[in-house]
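Asker: Using only what follows, build the 3D model:
(one chain, ligands or ions: 1)
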Amino acid sequence: MAEPGLEIDGISKKYGAVVALQQMTFDVRPGELFGFVGSNGAGKTTTMRIALGVLSADAGEVRYAGERITHETRRHIGYMPEERGLYPKMKVGEQLTYLARLHGMAAGEAKASAGKWTERLGVAARRDDEVEKLSLGNQQRVQLAAALVHEPRILVLDEPFSGLDPVAVDVMSGVLREKAAEGVPVVFSSHQLDLVERLCDRIGIVRNGRMEACGSVPELRSVAGGAIRLLVDAPAAPPDWATALPGVRVLGREGDVTELELGEGGDDQAVLRVALDTGPVREFTRKQPSLTDLFRSVVSGHQEAA
Ligand SMILES: Nc1ncnc2c1ncn2[C@@H]1O[C@H](COP(=O)(O)OP(=O)(O)OP(=O)(O)O)[C@@H](O)[C@H]1O
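Answerer: All right, here's what the predicted structure looks like:
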């Protein structure tokens, strides 16, 4: 069994009559980048707040390295809250140094760490500016620096990528990969599913406060099952070339590319032979469902992906 990292075990939470979490369970292993995805209101922020200890659970347990998480362990979590929590009137460098000191770093070490992370996140030139004078994207870089400045052993980030430009996304992705490579369990929530698919080792899909599906993208695909789709680029083929094939449903055609779904009795080799009979075949590929397709299928409760 893999070494335990951050474990969320059977967490339930109600806000008055609103059920926010029902037996939420998953784990983030050391060195793993875990993507936490779900519709608005699914329960991601609530889970993260409970992991951090700013909110208490009605039931369940959060563990780190096999032990129930305590006030002391929580000091080693780097957290990026959804509602961002910087002091707008404080200078970037001073603020980061202050936050590192709050987490127990010595003065010199805190200053050096603030310097290192502003450098790494591309905001070193803004160190002496007040946070409120920075653009939103740069404030977000500082917010990530605030989560990292005390060199945490666990990273919990609530939508760290929202509103970032593509370069900032690359910087942020690089830093998260680096922290994971150092053995830190990293969990972040996001609605940017392409990015989550590219970046994460495993993904948890949340629906109505429950973990509905959890695993790597190939694992999620194999659980979802579903029909095989083919893309066939046959430039000389007439528009109806595939309509009479048994077990084949034509989903659409864009330019020379026809998208097909194989059902009962459908045979990809028969499709290829018929396509070749029409002339050249430039592309013949199986189309894998993307994380967005899998998400839709889990959230809507249907196997059919868009
Ligand atoms: N302070 C609160 N008081 C009452 N209900 C709340 C409170 N915070 C969250 N909720 C409710 O709990 C549920 C889970 O919300 P949560 O913010 O955890 O979802 P989320 O997955 O982070 O959503 P989003 O993607 O929109 O940020 C929702 O039904 C929400 O309305």
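Asker: going forward, measure contacts and count neighbours with C-alpha atoms only.
Answerer: Noted.
Asker: Write out the residues of the protein neighbouring the ligand.
Answerer: Where proximity means Cα under 6 Å from any ligand atom, the interface of the chain facing the ligand comprises 15, 20, 38, 39, 40, 41, 42, 43, 44, 45, 46.
Asker: For these, give me CSV that also has secondary structure, neighbour count and pLDDT.
Answerer: Below are the residues of the chain next to the ligand laid out as CSV (DSSP: H, G, I helix; E, B strand; the rest coil; neighbours: other Cα atoms under 10 Å; pLDDT from 0 to 100):
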residue, secondary structure, neighbour count, pLDDT
15, strand, 9, 95
20, strand, 21, 96
38, strand, 26, 94
39, coil, 16, 91
40, coil, 11, 91
41, coil, 13, 92
42, coil, 19, 94
43, coil, 23, 95
44, helix, 27, 95
45, helix, 20, 95
46, helix, 21, 96
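Asker: Please enumerate the strands of this protein.
Answerer: Chain-ordered strands for the chain, with DSSP state E as the definition, fall at 6-15, 18-28, 33-38, 59-64, 67-68, 77-80, 154-158, 186-189, 202-207, 210-215, 228-233, 248-254, 257-262, 283-287.
Asker: Low-confidence bits of the chain, can you list those?
Answerer: In the predicted model, the chain carries pLDDT under 70 at residues 1-2, 301-306.
Asker: Put together JSON lines for the strands of the chain, with distance to residue 299 on each row.
Answerer: Compiled in JSON lines, the strands of the chain are given as follows (distance: least, Cα to Cα, whole Å):
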{"stretch": "strand 6-15", "distance to residue 299": "20"}
{"stretch": "strand 18-28", "distance to residue 299": "16"}
{"stretch": "strand 33-38", "distance to residue 299": "8"}
{"stretch": "strand 59-64", "distance to residue 299": "24"}
{"stretch": "strand 67-68", "distance to residue 299": "31"}
{"stretch": "strand 77-80", "distance to residue 299": "26"}
{"stretch": "strand 154-158", "distance to residue 299": "20"}
{"stretch": "strand 186-189", "distance to residue 299": "16"}
{"stretch": "strand 202-207", "distance to residue 299": "6"}
{"stretch": "strand 210-215", "distance to residue 299": "8"}
{"stretch": "strand 228-233", "distance to residue 299": "20"}
{"stretch": "strand 248-254", "distance to residue 299": "22"}
{"stretch": "strand 257-262", "distance to residue 299": "22"}
{"stretch": "strand 283-287", "distance to residue 299": "21"}
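Asker: Return the residues in contact with the residue in the stretch 101-250 of the chain that the ligand sits nearest to.
Answerer: Proximity of the stretch 101-250 of the chain to the ligand (Cα to the nearest ligand atom) peaks at residue 209, 6.9 Å away. In this structure, residue 209 makes contact with 19, 20, 21, 22, 23, 24, 42, 43, 44, judged by Cα atoms under 8 Å, 6 or more residues apart in numbering.
Asker: Then residue 14?
Answerer: Taking Cα under 8 Å, 6+ apart as the definition of contact, the neighbours of residue 14 are 20, 21, 58.
Asker: so what's the residue positioned nearest the centre of the chain up against?
Answerer: Nearest to the mean C-alpha position of the chain, counting by Cα atoms, centre = their mean, stands residue 35 at 2.8 Å. Each residue near residue 35 by Cα under 8 Å, 6+ apart is listed here: 187, 188, 189, 190, 196, 200, 201, 202, 203, 204.
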